[in-house]
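Colleague: I need the structure of the sequence given here:
(2 chains)
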2 protein chains.
Amino acid sequence: MADQARLQEAIKAQGEVVRNLKAEKASKAQIDEEVARLLQLKAQLDGDDGKQTFVLKTPKGTRDYNPKQMAIREKVFNTIFNCFKRHGAETIDTPVFELKETLTGKYGEDSKLIYDLKDQGGELLSLRYDLTVPFARYLAMNKITNIKRYHIAKVYRRDNPAMTRGRYREFYQCDFDIAGQYDPMIPDAECLKIVHEILSELELGDFRIKVNDRRILDGMFAVCGVPDEKFRTVCSTVDKLDKLPWEEVKNEMVKEKGLPEEVADQIGGYVSLQGGMDLVERLLEDPKLSKSSDAVAGLKDIKQLFVYLQLFRITDKVAFDLSLARGLDYYTGVIYEAILTQAGVPQTQDPQNGPGVEEASVSVGSIAGGGRYDGLVGMFDPKGRKVPCVGVSIGIERIFSIMEQKAETSAEKVRTTETQVMVASAQKNLLEERLKLTAELWDAGVKAEVMYKKNPKLLSQLQHCEDTGIPLVAILGEQELKDGVVKLRNVTTREELNIPRDSLIEEIKKRTADC
Amino acid sequence: MADQARLQEAIKAQGEVVRNLKAEKASKAQIDEEVARLLQLKAQLDGDDGKQTFVLKTPKGTRDYNPKQMAIREKVFNTIFNCFKRHGAETIDTPVFELKETLTGKYGEDSKLIYDLKDQGGELLSLRYDLTVPFARYLAMNKITNIKRYHIAKVYRRDNPAMTRGRYREFYQCDFDIAGQYDPMIPDAECLKIVHEILSELELGDFRIKVNDRRILDGMFAVCGVPDEKFRTVCSTVDKLDKLPWEEVKNEMVKEKGLPEEVADQIGGYVSLQGGMDLVERLLEDPKLSKSSDAVAGLKDIKQLFVYLQLFRITDKVAFDLSLARGLDYYTGVIYEAILTQAGVPQTQDPQNGPGVEEASVSVGSIAGGGRYDGLVGMFDPKGRKVPCVGVSIGIERIFSIMEQKAETSAEKVRTTETQVMVASAQKNLLEERLKLTAELWDAGVKAEVMYKKNPKLLSQLQHCEDTGIPLVAILGEQELKDGVVKLRNVTTREELNIPRDSLIEEIKKRTADC
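Modeller: This is a model prediction of the structure:
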């Protein structure tokens, strides 16, 4: 414990330090640091002398995960990891920040959302905005021409947070990508299979996967009369169709992007189309679209893709949708996006939103997306050598939101520990015996807890088991010690049985084999 | 594929955009962005037109993890996770950055190593420097008064990197902490038990855990005549004893910290002491030290600690060492640090350093450390309410370095995937059949790969299995399809056996049960 008188002394001395620095006109940073130290010393004094003035919060758009949320997160991650591993993927990791110039010019209009680090001397750095650009940088830097990898990590966007809908400034991405020169559409089809597997396994409700191709969009823009240099910006506008009605999107095209109204109307005719193989066939015959070699190449690939998706038996969930555009600049071929469609999937995380739920029969937004980006690695290679890539990113935060809400309404309790047994005692002065037994259990690989009290009440030890879901209690008493046994209690049934000490470990392992 | 003529057009148009912005004296950020876009367009041109000028690297002091490193990392993490879970810990997560003021005044002289984010409007943010301060902030913010939690995440320090020795600017910390008002030294002893378990399980070689107490240091400083306000700064100097000889440390005390030489010499007498319970007893009788109530309180706790460590049967590795100081300001009681002592543990990651290895019989530096910090949570609580805490942080990067080097020299190959079977074919035109079977395997939970080629050579399919350690190949051919069988090949023994298609999944699972 800090000695109050000594603390008072230290506060006096530190006050002196601060006064001197101010007198010497020292740097603000230096003064701030010493002032903080002074406040800190004051805070150590008992009483209210050291009242804090700062706000106790996490930065805007971020959150902590509590143990219950972590338990849910671990479960979701395991499903996703297992799927990626089932498909033979390796994993890599990259730093949370990159050289600023690595990110520059990759994200189009979204670049303004990149977090920069302060220039503290040395390199200019930015927090990663996604995992795709660092992946491309990694491939180019290590001259890797083929790899199937997954990467699960946090990314950073200075966006307007909407945390109740799972939109944060710091959030996880789960990416799976296949790099390499292969026969067309086979890796692309595997990416869609992965989305299908993960969304099915997580049981989030019904979903649909929209598919399109950037070359079809480009061809469509060209035949509708959009000037070449406006392709990307008009593409960004089309991308808003999942959130805005056509009239507003058209408005943006005409008023903001400067397209003639009849051009916008022609685009409107195309982007309302969706279907399957039949639509692909029809568009291949479309008198206008078939004039664009880009569009035809894209349509032929989509057709091939559907053949593979049929083999994978997932076409029931996949739709060819000409309104799908995807915001990012780097896509060059097939693009896709998965949405949850089920009525009753709540649009917000707010547990009080009961009445609104019924109406949420519309799309609740994208839950996974990706596509082919054959040019990105070449942007990093000194000689511009290309490595074709296709990948998918799972929107894990929305999944967490849904799973958390499911857990809220479910009767089943989420355990946040895996403890198998609590080492307890009903009598006093048995702390040392409890510690000894606990250490024996730990050393045998048993997950065990013991209360950090000399003489805890049996009731509070049992209560802890009830609260946290520990299934067994190993109870020590004078009699048990004398008899060389331990009383093993089942927390749920309250059954108790004396177990010989030397078969205790085996017995615990047997009884908790399914934990 | 991008159409070259269209690309030329787009480059021309983009050049215009840049010129106009410059003419309009637009903001540098805006111009930079458009220039980058121009370069990016140029890079898409074939040939050397778009030569990159930027450096292809990760930021100073950071690294990527390749799949092999990730496989090792996963193994180490699992050992550590399992230990933490065995001890009944929950886990939490916090954002990678905190409000700048949350970190201010917590790290003493090390504060200058904190990474700040650029002020882009809004809050001032810093990257987390450790996991302890965010943990304390979390407890205060959520008014949690007891929890046993672990947290494994990256932290950031603008230190001089020494990457060959596992010292990075971005690195993992694995923290285990126990918060709550408990009987003395029980949670503290569990932290040491955890260090012992983890270092033993990882088989890194012999180790020792040094233990001391901040109150013993403070008491020692007081009785040696160090002025109160210099306790922390002299403590930082003592902390260098594991890297510098006493003479240099003394020099810093006298020349830089302004201690009289005889004061430094008295400190020198104490900090050379190390031992076990015997030393504790001796110091409790020390005529000078026993005058300090702080020192006596610390010594009594160390004595109690050793009693529990005996019950945990780990005293063989633990030494009471008065030279142990730990750099951070926030410790208030017991402190500890684990070092690897084994001769032959290489000091660098450099695989070429053969001859140097023999000499590395000295300490290779700290591999885990921690202590009690009873005041930190109170610094965040508006009313200064304290939550006593004790914890330990595992220095995982050093462990990775050692494990990587072990893997280098080991004959055993590190697998980076878990694939159980490769679906292959020796004949042409069987892609569709391969894809169909692969999807069946995935759907049954089998980890399977298939080559993304229409007609891959059997040899290259087998070679891929050899390279990546896939144990089985399921070979399809016209004859097998007709007979309703699959030829299952053991990659190592080259044995082949026809398996009826409907028992293939079962057979694969049986044969790879230990994978």
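Colleague: what sits against the spatially most central residue of chain A?
Modeller: Central residue of chain A (CA atoms, centre = their mean): A:Tyr172, 2.5 Å from the mean position. Applying CB atoms under 8 Å, 6 or more residues apart in numbering or on different chains to A:Tyr172 gives the contacts A:Ile152, A:Ala153, A:Lys154, A:Val155, A:Ile396, A:Glu397. No exception for glycine: its C-beta is placed from N, CA and C like everyone else's.
Colleague: between the residues you listed, which is closest to chain B?
Modeller: A:Lys154 (6.4 Å; CB to the nearest CB).
Colleague: Now name the helix or strand holding that closest one.
Modeller: A:Lys154 is part of strand A:147-156 when elements are defined by DSSP states H and E.
Colleague: what is the mean pLDDT for that strand?
Modeller: Averaged over strand A:147-156, pLDDT sits at 97.
Colleague: quick one: A:Tyr150 and A:Phe176 touch, right?
Modeller: Yes - because the distance of 4.7 Å satisfies CB atoms under 8 Å, A:Tyr150 is recorded as touching A:Phe176.
Colleague: Find residues that contact each of these two.
Modeller: Joint contacts of A:Tyr150 and A:Phe176 (CB under 8 Å, 6+ apart) are A:Phe84, A:Ala89.
Colleague: Compare these two (neighbour count), which wins?
Modeller: Of the pair A:Tyr150 and A:Phe176, A:Phe176 is the one with more neighbours under other CB atoms under 10 Å in any protein chain shown, namely 27 against 24.
Colleague: quick one: the more buried one and A:His87 touch, right?
Modeller: Yes - A:Phe176 is within contact range of A:His87, at 7.5 Å (criterion: CB under 8 Å).
Colleague: what do these two both touch?
Modeller: Common neighbours of A:Phe176 and A:His87 (CB under 8 Å, 6+ apart) are A:Lys148, A:Ile194.
Colleague: Could you list the contact residues of the stretch 251-400 of chain A toward chain B?
Modeller: Proximity of the stretch 251-400 of chain A to chain B is confined to A:293-294, A:297, A:307-308, A:311-313, A:332, A:375, A:378-384 under the rule CB under 8 Å from any CB of the partner chain.
Colleague: before we move on, back to that, just curious, which of the contacts of A:Tyr172 is nearest to B:Leu459?
Modeller: Lowest distance from B:Leu459 to those (CB to CB) belongs to A:Ile152, with 34.6 Å.
Colleague: Quickly list what the closest residue in space to A:Arg282 that isn't next to it in sequence is bridged to.
Modeller: Nearest non-adjacent residue to A:Arg282, counting by CB to CB, 6 or more residues apart in numbering or on different chains: A:Gly275, 7.9 Å away. Under DSSP bridges, the beta-bridge partners of A:Gly275 are A:Phe320.
Colleague: A:Arg501: what's its closest spatial neighbour, skipping adjacent residues?
Modeller: Closest to A:Arg501 by CB to CB, 6+ apart is A:Gly484, at 5.2 Å.
Colleague: Please disregard the earlier target; I meant A:Thr233.
Modeller: A:Lys257 (5.7 Å).
Colleague: tell me which strands and helices the lowest-mean-pLDDT helix or strand in chain A is in contact with?
Modeller: Every helix and strand in chain A was compared by mean pLDDT, DSSP states H and E; the lowest is helix A:28-44, with a mean of 74. Applying 3 or more CB pairs under 8 Å, 6 or more residues apart in numbering or on different chains; DSSP states H and E, one finds that helix A:28-44 contacts helix A:4-23, helix B:376-380.
Colleague: okay if I get those as TSV plus distance to B:Leu125?
Modeller: Converted to TSV, those look like this (distance: least, CB to CB, whole Å):
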stretch	distance to B:Leu125
helix A:4-23	25
helix B:376-380	17
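Colleague: most packed of those helices?
Modeller: helix B:376-380 (a mean of 24; mean count of other CB atoms under 10 Å in any protein chain shown).
Colleague: so is A:Asp514 in a helix, a strand, or just coil?
Modeller: Using DSSP: H, G, I helix; E, B strand; the rest coil, the structure places A:Asp514 in coil.
Colleague: what about it, how many neighbours?
Modeller: Neighbours of A:Asp514 (other CB under 10 Å): 5.
Colleague: Okay, it and chain B: tell me how far apart.
Modeller: The gap separating A:Asp514 from chain B is 16 Å, by CB to the nearest CB, to the nearest Å.
Colleague: Low-confidence ranges, the stretch 351-500 of chain A, go.
Modeller: Residue ranges of the stretch 351-500 of chain A with pLDDT under 70: A:351-364.
Colleague: who does the helix or strand that contains A:Arg208 pair up with?
Modeller: In this structure, A:Arg208 sits in strand A:207-213 according to DSSP H and E. Paired neighbours of strand A:207-213 in the sheet (DSSP bridges): strand A:318-321 (parallel), strand A:334-340 (antiparallel).
Colleague: Need those strands in TSV (columns: mean pLDDT, mean neighbour count and distance to B:Gly268).
Modeller: Listed next are the strands paired with strand A:207-213 as TSV, based on pLDDT from 0 to 100; neighbours: other CB atoms under 10 Å in any protein chain shown; distance: least, CB to CB, whole Å:
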stretch	mean pLDDT	mean neighbour count	distance to B:Gly268
strand A:318-321	96	22	75
strand A:334-340	95	24	67
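Colleague: can you list these in TSV and add distance to B:Thr438?
Modeller: Putting the strands paired with strand A:207-213 into TSV (distance: least, CB to CB, whole Å) gives the following:
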stretch	distance to B:Thr438
strand A:318-321	18
strand A:334-340	20
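Colleague: Same question for A:Phe400, what's its three-state structure.
Modeller: Applying three-state DSSP: A:Phe400 is helix.
Colleague: Surely it is in contact with A:Gly166?
Modeller: Yes - here A:Phe400 reaches A:Gly166: they are 6.7 Å apart, a contact under CB under 8 Å.
Colleague: still on that earlier bit, show residues contacting the strand holding A:Lys154.
Modeller: With CB under 8 Å, 6+ apart, strand A:147-156 has contacts from A:77, A:80-81, A:84, A:87-94, A:96, A:114-115, A:127-131, A:135, A:139, A:169-180, A:187, A:396, B:67, B:96.
Colleague: how close does the residue nearest to A:Glu432 when sequence neighbours are not counted sit to B:Glu190?
Modeller: In space, and not counting its chain neighbours, A:Glu432 is closest to B:Leu311: 5.7 Å by CB to CB, 6+ apart. Distance, B:Leu311 to B:Glu190, using CB to CB, to the nearest Å: 11 Å.
Colleague: So chain A: which segments form each domain?
Modeller: Per automatic domain parsing, the structural domains of chain A span A:4-44, A:61-206+A:372-416, A:207-340, A:421-511.
Colleague: circling back: from the chain's centre, how far out does whichever helix or strand comes after the strand holding A:Arg208 sit?
Modeller: Using DSSP H and E, the helix or strand that follows strand A:207-213 in sequence is helix A:214-224. Distance, stretch centre to chain centre, for helix A:214-224: 33 Å (CA atoms, centre = their mean, to the nearest Å).
Colleague: and what of stretch A:66-82?
Modeller: Chain-centre distance of stretch A:66-82: 10 Å, with CA atoms, centre = their mean.
Colleague: Now the residue nearest to A:Thr417 when sequence neighbours are not counted. Its backbone dihedrals?
Modeller: Leaving aside its sequence neighbours, A:Thr417 sits nearest to B:Gly88 (CB to CB, 6+ apart; 5.1 Å). Backbone torsions for B:Gly88, taken as degrees, to the nearest 10, come to phi 70, psi 30.
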